[in-house]
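Asker: give me a 3D structure for the following:
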Amino acid sequence: MHTYQSPLDLVRERSPERPVALVRPDTVALAARWFQESFKGEVLYAVKANPSPWVIKTLAANGLRAFDVASVPEIELVAQHAPGSKMAFMHPVKSRAAISAAYFDHGVRTFALDTHEELAKILDATGQAKDLNLMVRLAVSSEGSSYPLSGKFGVEPHEALGLLLAARRATQDLMGVAFHVGSQCMRPTAYQGAMAGASRALVRAGVFADVVDVGGGFPSIYPGMVPPSLGDYINSIDRGFAEMMVHETTELWCEPGRALVAESSSVLTRVDLRKGDALYLNDGSYGSLFDATHSKWPFPVKLIREDGAADAPLKPFRFYGPTCDSIDHMPGPFWLPEDVGEGDFIEIGMLGAYGVAMATRFNGYGDVGLAEVQDAPMASMYGLAPRSIPTPRPESGTVVKLSRARSKKRRRR
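Answerer: Presented below is the predicted three-dimensional model:
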C-alpha cells in the first residue's frame with residue numbers, strides 16, 4: 001500500500017482510473033485507544049463495519065484484542081490478522097456448520113441467541129458443550145438512531161424469562177444479555193433506557209447476568225448528523241450499569257464499529273460525465289456509497305484537481321454511479337464548486353464504516369484501489385479535525401481546509 005501526504009498528491013502522481021479507498025490508520029489507532037481508556041469494560045470491534053485486514057491489524061497493534069464476528073469468514077479474517085484474539089459470534093441466527101466450525105476449529109466460546117431454537121442449535125452443534133458463553137439478545141427501542149435495527153433480531157424483554165432461564169441452565173460459564181440501540185445513535189440516554197429494560201427482564205427471570213453487552217451504535221459525524229460527544233455515551237452507560245441489578249463480578253462489554261473506523265477512510269472517485277446538476281462517477285451504490293443511496297446520507301465531499309484550482313462558488317449536486325441500474329443514484333445534496341466537470345476527482349469523506357465493506361461486483365464494477373494518506377479526516381470525534389461539518393452556502397468558496405490537532409488522552413475513570 002503506497003502512502004501519500006494527501007489525496008491531491010495521489011491524483012498528481014497516478015490520476016487513477018478506478019476508485020481509491022484512502023485510509024488513515026492513525027485515526028483507527030487513536031479511536032481504539034480512546035475506547036479502551038474510556039469504556040469500563042471489554043471493547044469488541046464489530047468486524048462488519050470494515051473487515052479490511054489493515055483495520056484488524058491496526059486495532060490489534062493498539063491493544064484491542066476482542067472482536068464481534070458474524071460469520072465464519074469474519075472469524076477466519078481475525079484468526080489470520082490478529083491471531084490469539086477473543087472472538088464472540090454475535091449474529092443471533094447461525095447455521096449448525098458455522099457454529100461447529102467456530103467452536104471446534106477456532107476456539108470460539110461466545111454465541112448470541114434470541115430463541116429457544118437457536119439455543120438448542122448451539123448446544124447440538126457444539127456437542128452439548130458446557131464451556132459456552134451464551135448471550136441472550138434482547139429487543140430494545142431504536143428511537144434516537146439514524147439507522148434503526150429493531151425488528152429483525154431480539155426477544156422482547158417481557159417474553160425473555162424462559163429463554164434467560166434456559167441459557168442460564170445450559171452453561172457452566174458465562175450467561176449474559178446483549179442488545180443494540182440502532183446504528184448511528186444520536187441519543188446517549190438510549191443506552192441507559194435499554195439497560196433498565198434488560199435489568200427488569202433479569203429480575204423477572206430471577207437470574208443474574210455475568211455479562212451485560214451494550215452492543216454498538218456509537219456514532220460518528222456526517223452533514224446534518226453531529227452527535228453529542230462520545231464521553232456523554234460512556235457516562236450514560238456508566239449510570240445505566242450502576243442502576244442494574246447485577247452482581248459485583250458482572251462484566252460490561254461494548255461492540256463499537258462505526259465509531260472506531262468511520263473517520264479512517266474516504267473514497268476518491270472520478271467524474272466521468274456532468275449532466276446539469278448530476279455528476280456521473282466511477283463509484284456508486286453498488287460500490288462504496290450504499291448509504292448515500294439507500295439512506296440518502298449526504299457525505300462530505302471535496303473537489304480534487306491536479307492543478308489544485310477549486311475557487312468557484314459552491315452549488316449542490318447529485319451523483320449517479322457507474323452501473324446501468326437507475327437506482328444507482330445518490331441525491332445528496334453534495335456541495336461542490338460550480339465548475340466541476342468531467343475528469344475532476346471528488347473525495348467523499350467519512351466512509352470508513354460500511355463503505356468498501358458494502359461493495360459488490362455488479363455490472364463489472366466494484367474494484368477499489370487502496371492508498372494511505374496522512375492528512376486529517378473531514379471530521380472527527382477525537383480531536384483530529386473540527387467536529388461539525390456545516391452545510392456550505394451557495395456563495396461560499398471551497399471547502400475549508402481541515403488541520404490535524406493534537407488529541408488529549410483521557411484517563412480511565
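Asker: point out where the stretch 51-200 of the chain drops to low pLDDT.
Answerer: Counting by pLDDT under 70, the ranges of the stretch 51-200 of the chain that qualify are 145, 147-150.
Asker: strands of that one, start to end?
Answerer: Chain-ordered strands for the stretch 51-200 of the chain, with DSSP state E, counting those that start in this stretch as the definition, fall at 66-69, 86-89, 110-113, 133-137, 145-147, 175-178, 183-185.
Asker: now do the buried residues in stretch 273-282.
Answerer: Residues 274, 279, 280, 281, 282 are the ones in stretch 273-282 that count as buried (16 or more other Cβ atoms under 10 Å). Where you see a C-beta, it was placed from the backbone N, CA and C, and this is true even at glycine.
Asker: could you give the mean pLDDT of that stretch?
Answerer: For stretch 273-282, mean pLDDT rounds to 97.
Asker: and it, how far out from the chain middle?
Answerer: Stretch 273-282 sits 29 Å away from the centroid of its parent chain (Cα atoms, centre = their mean, to the nearest Å).
Asker: related to what we said a few turns ago, between the strands of the stretch 51-200 of the chain, which gets nearest to residue 290?
Answerer: Closest to residue 290 of the strands of the stretch 51-200 of the chain is strand 145-147 (Cβ to Cβ; 11.3 Å).
Asker: give the contact list for residue 333.
Answerer: Applying Cβ atoms under 8 Å, 6 or more residues apart in numbering to residue 333 gives the contacts 298, 316, 317, 318.
Asker: for residue 292, see how far away it is.
Answerer: 11 Å (Cβ to Cβ, to the nearest Å).
Asker: give me the common contacts of the two.
Answerer: Counting by Cβ under 8 Å, 6+ apart, the shared contacts of residue 333 and residue 292 are residue 298.
Asker: what ranges do the helices span in the stretch 301-413 of the chain?
Answerer: Using DSSP state H, counting those that start in this stretch, the stretch 301-413 of the chain contains no helices.
Asker: low-scoring stretches of it, by residue?
Answerer: Scanning the stretch 301-413 of the chain for pLDDT under 70 picks out 386-413.
Asker: show me the domain layout of the protein.
Answerer: Listed by automatic domain parsing, the domain ranges of the chain are 2-22+262-373, 25-261.
Asker: may I see the ones you listed arranged in a markdown table, with distance to residue 385 as well?
Answerer: Below are these laid out as a markdown table (distance: least, Cβ to Cβ, whole Å):
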| stretch | distance to residue 385 |
| --- | --- |
| domain 2-22+262-373 | 8 |
| domain 25-261 | 9 |
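Asker: residue 381 is nearest to which of those?
Answerer: Proximity to residue 381 (Cβ to Cβ) singles out domain 25-261 among those, at 5.4 Å.
Asker: residue 41 is nearest to which of the strands of the stretch 51-200 of the chain?
Answerer: Residue 41 lies closest to strand 66-69 among the strands of the stretch 51-200 of the chain, at 10.4 Å (Cβ to Cβ).
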